[in-house]
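[1] Next comes the sequence, and after it the predicted model I'd like to discuss.
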Amino acid sequence: GENVEQHPSTLSVQEGDSAVIKCTYSDSASNYFPWYKQELGKGPQLIIDIRSNVGEKKDQRIAVTLNKTAKHFSLHITETQPEDSAVYFCAASMKRQNTGFQKLVFGTGTRLLVSP
Amino acid sequence: NAGVMQNPRHLVRRRGQEARLRCSPMKGHSHVYWYRQLPEEGLKFMVYLQKENIIDESGMPKERFSAEFPKEGPSILRIQQVVRGDSAAYFCASSPGGVQGQLWGEQYFGPGTRLTVT
């Protein structure tokens, strides 16, 4: 079935600490895994993504890892800052057999709070 | 380079009225996706359109909801005879597209339309 589980639902850290958010997916054919940051009253903003042919990708303080065997992927934020506070969503592509169309299925979100 | 634009940002409708939500994709993007987000929940896929074509509407309710992406102008999500349960944030995303069955481009989201049904 189509399912992406995301944990934790809330995460509180002190400024400068690291934050890790984990997602698992159900479709072994999934091959694209983006992460979005959503601030209050705004649309989701793509912050990093990874495709199934790589295991890790980094962009400054943000990194994403992918374990295809275990069907899970994680977002790592180092040296967190108060402006990192937001809701973070993971997503996984899932393919419809009859159309070949790949749609994104989203996790339920993680509310990250970074305290100064 | 303007991003995805949606309007209106906020829309209030009484039960039974029609709601029309508009989305202009990023320049150069020919693929549009609509999502619905209920409070404290993730985004649920509704429909995927290319110019003048609905590619996948598997997430859209069969009744009262329709979507289009005409050759000229923005994509429109229309909800007829709205009910209180339609109250949500509706987001549009666009991508440059790709070859069917292959990875498609990254999806970029607009700011959303928050629909309130009274």
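    Sure thing, it's come through. Note that the structure is predicted; figures quoted are calculated from it, not measured.
[2] what's the average pLDDT for stretch B:6-25?
    Stretch B:6-25 shows a mean pLDDT of 97.
[3] So which bits of that stretch are buried?
    B:6, B:11, B:13, B:19, B:21-25 (16 or more other C-beta atoms under 10 Å in any protein chain shown). Every residue, glycine included, has its C-beta placed from N, CA and C.
[4] neighbouring contacts of it?
    A:43, B:4-5, B:31-32, B:34, B:74-84, B:86, B:90-92, B:94, B:110-118 (C-beta atoms under 8 Å, 6 or more residues apart in numbering or on different chains).
[5] can you do 6 Å?
    Contacting residues not belonging to stretch B:6-25 are listed as B:4-5, B:32, B:74-83, B:90, B:92, B:94, B:110-111, B:113-118 [C-beta atoms under 6 Å, 6 or more residues apart in numbering or on different chains].
[6] And it, end to end?
    9 Å (C-alpha to C-alpha, to the nearest Å).
[7] again, but for stretch B:25-33
    10 Å.
[8] Distance from it to the middle of the chain?
    Distance of stretch B:25-33 from the chain centroid (C-alpha atoms, centre = their mean, to the nearest Å) equals 12 Å.
[9] Show me which residues of that stretch are buried.
    Under the neighbour-count rule (16+ other C-beta under 10 Å), stretch B:25-33 has B:25-26, B:29, B:31-33 buried.
[10] before we move on, what about stretch B:46-60?
    For stretch B:46-60, by 16+ other C-beta under 10 Å, it's B:46-49, B:55-57, B:59-60.
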